Every structure is written in structure tokens, then in C-alpha cells.
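Visitor: sequence and predicted structure, then a few things I'm wondering about:
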Amino acid sequence: SPLSSFLSLKPSPTLQAMFHHRPGPGRESKRPRVDIRQEQSDRLWVLIHSVAEESQYSVEENIHVLMDVLVQDLRRHEGAIISAILHCVTSNPDKTSVYSTVIGLLNGYNRDVGEEVVRTIVERLQAAIDTGDDHTARCLVRLLADLINTTVVVPRTLSRLFETLLSVTTDPQSPQARKDMFVGFVLHALPFAGSQLSKRDAAGLAATMTTIEDYVAQRNAQHVDLLRVFHSDEPLPQEDALEAMWSQICDLRDRRWREALITKPYLSFMDDLVQSLRHSIATVVVAPLDEEDENPRCYKQPEVVFRLFDCSDTPEEPIMPPPRAIERTLFEGSVRDALLFHSADTHACAQHLAQLARQHHAVLPTAHIIIETIFGEMFRLPEPDSPLLFYFMLLPEMLVFYEPCVSALALAMHLITQRFGDMDVQCQSIYIEWLAHFLNHFEFKLRWTDWTSVLQSDEGDSDVAKAAAVLARETLLRACRLSFRDRIKRITPSDLQQFIPVDQHFVYKFIASPDDELKRFKVREVIAAVRSKESTTAELDDVLQTILAENPDADADGDEQHRSVRLDVLVNIVLYVGSKSIGHFQTLLAKIKTSLMPLMASPGTKSQVAEAVFAFWQKCPQMVVILFDTLLASGILDASAIMAFVFGDRLETDYNCEYLWECLFIALNSLTLSVDLAEKRGSGEQEALADLKDGFLVLFQHFSVALGELCRKCDQEGEEPGSSLQFVALKGRFVQCGRKYWRYFRRQGMFATFRRLVFAEMDSRVSGPAEDLEVLLQRAA
């Protein structure tokens, strides 16, 4: 077998001579000493990791070879072997049954080793529960469940472990998110243990099922509407993940715990395993919550299952399983584990997923499920587990490593495009950004007819056509950031040319001004002072003081109107002179900041600067976003000024304008960043929290006013706000803000204060989303 030849644990005589070589008198060895024991331990580690990898040999053959090696070095490397096995289980959970088989064979060889393995698993499980490492805890509970199949664990003690974990469901102090986490541990373990428990501890299994059923029946699922990708359940329902898993477990029970996905290599070794001694699982303690804890743990938000494909999308064998089948969820879980473990390496992740797909392609349409799961993780609300760029880079890799993913991805893009208007606005933004990156990766070779056919249809004014227009416009605008505008214009069909900017040049206020106006505003003098490397701040101030100085009514030191004019002139000139690059602008900004700040002493001047930046770069929204970020970092703009800009006249004309919301989130991120930095420094946290609270109070006031105006407008036109695309888009952005920053809102009951101060007296159609958000925040409190 390749495993035995791949890693020989006995070094060659030449290697031994090198390790034990002693230098002659007066000479120092130039070779570093190598610890043979450590080298052998490292090789064992690699060998254990390799046993479950795809090869020309079966898993059973690889386990045989591995056991021949392990039993020879079990006494010297017992700790390293156990650590390697448990690391494999947590890093590669879809191979749990392979390593439970290895543990069962080790237990048959030496019962003391089996007892030590179980003790170590329980010890690490307790540590994972205490530290909140839910991934490790879930993997270890599943391993303990599978160990009853390899005659390592006493079934009754596994039922007691389930009982301990499920005791949290009756704790009135635990938030629902904490209860969901422990119930999830048991639900993910039951497919591995249900069959044996039904035979060896039917009473314990029945008690476990009853406890879960009672919890699910009284559980609040109000969060589903806030966390679903698609607003409608047609054609596929968007279900709460825990409730969906429970219904699949019930279906599996009705099928007598028979499923078609989990590999069971231990069946080939049952003659050896049945003679082994079983061990009891020690008691695991689930400590109650400390109500006086100043920094309570922040639990994960509940999940809603993302569904894109059904059986009609895979007419050929194998067809997509029905929603109640556990096989689909088990494979999705393996895909998610791979995404989590390889979140820093898209190449390795794609290889792992391709291996999974080939392993199970005879049972499931693996390509469709992988594509659906990646999109589901990318669209996960309130936020994905990994950076968006990871998913953007992973999908093209999948097309290379597993060819069936090509057709599956094409179908997924078609379905999402058709349902784009029914998506949550945050997911719309993610899809637009991904699609722009995807088009750029493949040189903008797209079947554009999917968009043009909708835009040219007789129902051009329908919601579907309007959503397709938004998708086309925002995707092409985003694509212009990644490539040359002229190149994109050459590639796209004529029907889509309307969505590409005519040009992206700046609009300089004084470009066509008459000579007397240039003299009046001292434009040439200010440009010279800004450009000159020798000019000082005092010289620039002197030039600014001469603007409108010939006006007999001007008071150069105190007149607000004249100060506003000077600010407008200076900002426009800095934008013009610094338009060559961001570096030029930042250099000029640092130079003139001392002269600029006194002109911004009065209220409203920061909003004036924001409007000036937009007027200058109105044809290139990307520059507006970049400069707002730069001006925020320099302290010239603040979050309130950008909020006022976003909720101004431009928003009323188009609530789907992506760059406006991008500007808003840059402003909000600056508030949260200040809190994070203050916590890291250990000082100024209260001031940063106060600024954040004031900033979000202003934000929600803007939202309440805008949503209220839309409600009144709909009432006047006899239209339900829920059917208005503008109202749905704006409400979606409000909900997005609440979801995105929920970790900050849960401090000091912040969001409850916002709802009481801003939404208490509002129309129920406006206050309703705020109440739903408050319930969602309480789930993880």
C-alpha cells in the first residue's frame, strides 16, 4: 500500500549515522541535531491525516496499513496518536467514521488506550463547552455518538450525555441562541447513533427525541423573516435551520435510521470490534449562565436554510433529495466544514470539495449542492462566516476542479437573476459584487440574453424587469471599478449600454467660469498657493481672506456666507488639483487641513463638503466612496454628515443606488471602529460608545422619517407599502443596519433605547421591523 511505503517510521542506517554522528576532537558539528522521536511523531501525524484521503486504495486497506504502524509505536507515541486523531475529526468532520473505526481497533488492541481516548474526548469536549468553541464541541459529540458503532462507548452513557446537553432547554436564564446550540449538538449526532441507540437504549433515545420535540414546539421562530434570503416561499420554502433539521431527524427515525450517505468502514472490521470492551462517558458539566458577567458571551444568530434547487432542476440520476431527506443536510454540513477549515486557501478548499463530490456523486447531485451551499454561505445573514472575497475566489476554482459545477453554476445564476427582486437587499448587494468579480475573472464572457430578454419583454414595467434593470446597472457600475469602462462598453450588447456611464470624468466648478468670476473668487491665486511646495499655511490663509474682499458688505472674519464661499472654493480647488490620484489628494489634504478647519466651524459645513465632493465626482461614484473614506479618516467629515448626504435628494430618486449605501456603511464602520480601538487600548471606551449611540440614533431618525414619508405617499396613491419597491428596499436597508451591527446594539440595551425614542409613536408599518429586530437581538443576548 502507498501509505506504508510513503512513511517508514524507521530511519535508514545512513540517516541514523547522520543523527548519531559525533564530531572529532576540536571540531563542531555543522549539522543540526534532529530528535528522532519527534520526527517519528510528526510522521505518525501525517500518516493518520492521510488515511482518509482519496487514493487508488480503499479506506479499509488504508486503515489496515495504518493499524500495522500504530500498534508498533503505540506505547511511545500514544499521546501524539490520540491528538492527531482528534485533530483530524475536528478539521475533517466528514471522515468521522474513518477515525471512529481506528479508535475502535485501537480499543480492541489495548483497552487502556480506548479508555484514554474516551477520557481525552470528554476532557476536550468540556473545554470546548466552557470556552464556547461550538464547532469543536459539535464534532466531538458526533465522534462520541459514532463510537457506539465501533463498540467503544456504552450506549446508555451517550444518552446521559444527550440528556445533560439538552438540560439547557429548560434553563430560563439561557437565551434561545444558547439552547439552539446545545440542541444542534445532539441533532447532528443522532444520524450516527440513532440506529444503535434504538436497539440498545430505546428508552434513552425516546427521552432525547421527546425533549427536542417539546423544545422545538415552544421555540420562537420570529427571526425567520429577518434572516431569509428570499422573501417568498415560492418555489422553495426558506425554513429555520434547526426546525428543518428536526423534521429530517423525524423522517430518519421513520425510516428506521437508514440513510445512504454516511460511510461505515467499521462494518468491515466488526469481527474484531465486537470483542472489544465498551467504556462509559464521564459526566460533562454545562454550567449555568452568570447573570453578573459584565461581558456575556455573544452566541451565533439562528440560521435560515437557503434553497435554490429542487428535484426538477436535476432530472437525471441522481436527483435532488426531497427537503425532508437527511442526506442533503449531511452533505451540506460536510461542505460547510470544508469551507470553514480551508477559509484561508481557496485552492485547497476546492480540492477538498471536489474530492467530496466524487465520493458521493452516485448518491447525490453533488455539484448542485456544493454550488447551492457556497451561495448559501455567501448570503448568510446577518454576515458570512468567512470574508466575501473567499467565496468570490472559490467559485471559479470549483469550475476548474470539478467540471459538473459549470452547468450547476450557470443554472444557479439564471435562477438568482430571475428571483433577484425577491432577494433581501443585503444579498442583492453581495450578488452584484460577486457577479462583477466573476465577470471580470472570465473577461466578461456572459450570456447577456438573460438580462436583455427581460428588459425587452412586454412586461418591461413589471417588478421583475425593474429588478433586472437594477441588477444590470449596478453590476456594470461595479464592473467599471475592476476594468476599463471602454472595454466593458465594447463587450456588452446595445440594450445594456444605457447602464454604463458616458464618461467618468470630474466636473470642475470653475472650468467654464468667466474671467471676472475667477478674479472675484481668486481661483488662480488659490490654485497657485495649493500647488506651491514653498507656500505656507499663513500664505494660503492670506489668499483665502482676499476672496470677496472687494465686497463692501463683507466681513472677512465673521460673515458666515463669505466663509462658506471660501470653503467651497478651497474644497473644489483641492479636489481639482488632487484629481490625478488618491495620493495627490491625500498630500494636498494634509497640507491645507489647517486652513480648512477654521472654515468648518459653523454647523452644516461638513455636509457642504460632502455635497461638494459628490458634485465634483458625480460621474464616478467610486471616487465619492474613496474620498468619503479618506475625509472620515482625516476628521474633516463625520458620520452624521455622510448620513445627511445619503438621506438627501438622491435617495428619493433611487433607493437601490449601491454606492450611497456603501458610503453609509463606511460612516457606520468608522463609529464601530472607534469602539473597537478604545477597547483594545483599554481607555476611552465610554466616550466611543456614547459617540456610537448618538450616531446610530441619528441614523434611525433618518430611517423613521424616510419610511414614514413613503407610507404616507403609498396611502395617498392607494398602494400598500409592502408592494412598493421603494418601501421594501428602504426597509431592507434599515433591517440590514440592525443585523450588521447587532453585537454593538446588545450593549447597555442600546437598541431597545433606539426603538423607544424613535419608533414608539410611529406607524406600525415602520415600527414593526424595529420590534422584529429587537426580538432577533434578544435571541443572542
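Guide: Cool, got the structure.

Visitor: which regions of the stretch 51-200 of the chain sit below the pLDDT cut-off?
Guide: Per-residue confidence for the stretch 51-200 of the chain (pLDDT under 70) gives no ranges below the cut-off.

Visitor: and the gap between Thr136 and Asp313?
Guide: Plainly put, Thr136 is 35 Å away from Asp313 if you go by CB to CB, to the nearest Å. Glycine gets a C-beta too; all of them are placed from N, C-alpha and C.

Visitor: where does the prediction get shaky in this structure?
Guide: Counting by pLDDT under 70, the chain shows low-confidence ranges at 1-39, 291-296, 449-461, 549-559, 779-781.

Visitor: just to revisit the earlier point, more crowded one of Thr136 and Asp313?
Guide: Neighbours per residue (other CB atoms under 10 Å) separate Thr136 from Asp313, with Thr136 holding more: 19 against 16.

Visitor: who are the contact partners of that one?
Guide: Thr136 makes contact with Thr90, Arg124, Leu125, Ala128, according to CB atoms under 8 Å, 6 or more residues apart in numbering.

Visitor: didn't Phe420 look like it was pressed against Ala468?
Guide: Yes: the pair Phe420 and Ala468 qualifies as a contact (CB atoms under 8 Å) at a distance of 6.8 Å.

Visitor: and the two? which has more neighbours close in?
Guide: Using other CB under 10 Å, the more surrounded residue of Phe420 and Ala468 is Ala468, with 23 against 20.

Visitor: what about the more buried one, helix or strand, and which?
Guide: Element membership of Ala468, judged by DSSP states H and E, is helix 463-482.

Visitor: what residues sit buried inside that helix?
Guide: By neighbour count on 16 or more other CB atoms under 10 Å, the buried set for helix 463-482 is 464-480.

Visitor: need the residues that contact the next helix or strand after that helix.
Guide: In the C-terminal direction, the helix or strand that comes right after helix 463-482 (DSSP H and E) is helix 485-491. Judged by CB under 8 Å, 6+ apart, the contacts made with helix 485-491 from elsewhere in the structure are Phe444, Leu476, Ala479, Cys480, Gln497, Ile500, Pro501, Asp503, Gln504.

Visitor: so which residues of the stretch 251-400 of the chain form helices?
Guide: Assignment of helices within the stretch 251-400 of the chain using DSSP state H, counting those that start in this stretch yields the ranges 270-273, 326-341, 346-360, 366-378, 388-401.

Visitor: cool, and the stretch 651-781 of the chain?
Guide: Residue ranges of the helices in the stretch 651-781 of the chain, as given by DSSP H, counting those that start in this stretch, are 658-681, 685-716, 725-740, 742-745, 750-754, 764-779.

Visitor: got the angle for the longest one vs helix 764-779?
Guide: Which is helix 685-716. Comparing the axes of helix 685-716 and helix 764-779 via axes from the mean of the first three to the mean of the last three CA atoms, to 10 degrees yields an angle of 150 degrees.

Visitor: contacting residues for Arg138?
Guide: Under the criterion of CB under 8 Å, 6+ apart, the neighbours of Arg138 are Gly184, Phe185, His188.

Visitor: using TSV, lay out those together with distance to Ile262.
Guide: Conversion of the contacts of Arg138 to TSV gives the following (distance: CB to CB, whole Å):
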residue	distance to Ile262
Gly184	18
Phe185	17
His188	12
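
Visitor: with neighbour count added, can I get those residues in TSV?
Guide: Putting the contacts of Arg138 into TSV (neighbours: other CB atoms under 10 Å) gives the following:
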residue	neighbour count
Gly184	20
Phe185	24
His188	20
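
Visitor: which among those residues gets closest to Glu687?
Guide: Out of these, the one with the shortest distance to Glu687 is Gly184. That distance is 39.1 Å, counting by CB to CB.

Visitor: isn't the closest one up against Met245?
Guide: Yes: the pair formed by Gly184 and Met245 meets the contact definition of CB under 8 Å, at 7.5 Å.

Visitor: for the most centrally placed residue in the chain, give its distance to Arg336.
Guide: Among the residues of the chain, Pro384 comes closest to the average C-alpha position under CA atoms, centre = their mean, at 1.4 Å. From Pro384 over to Arg336 the distance is 11 Å, taken as CB to CB.

Visitor: overlap in contacts, those two.
Guide: Residues within reach of Pro384 and of Arg336 at once, by CB under 8 Å, 6+ apart, are Glu377.

Visitor: having no further points to raise, I will conclude here.
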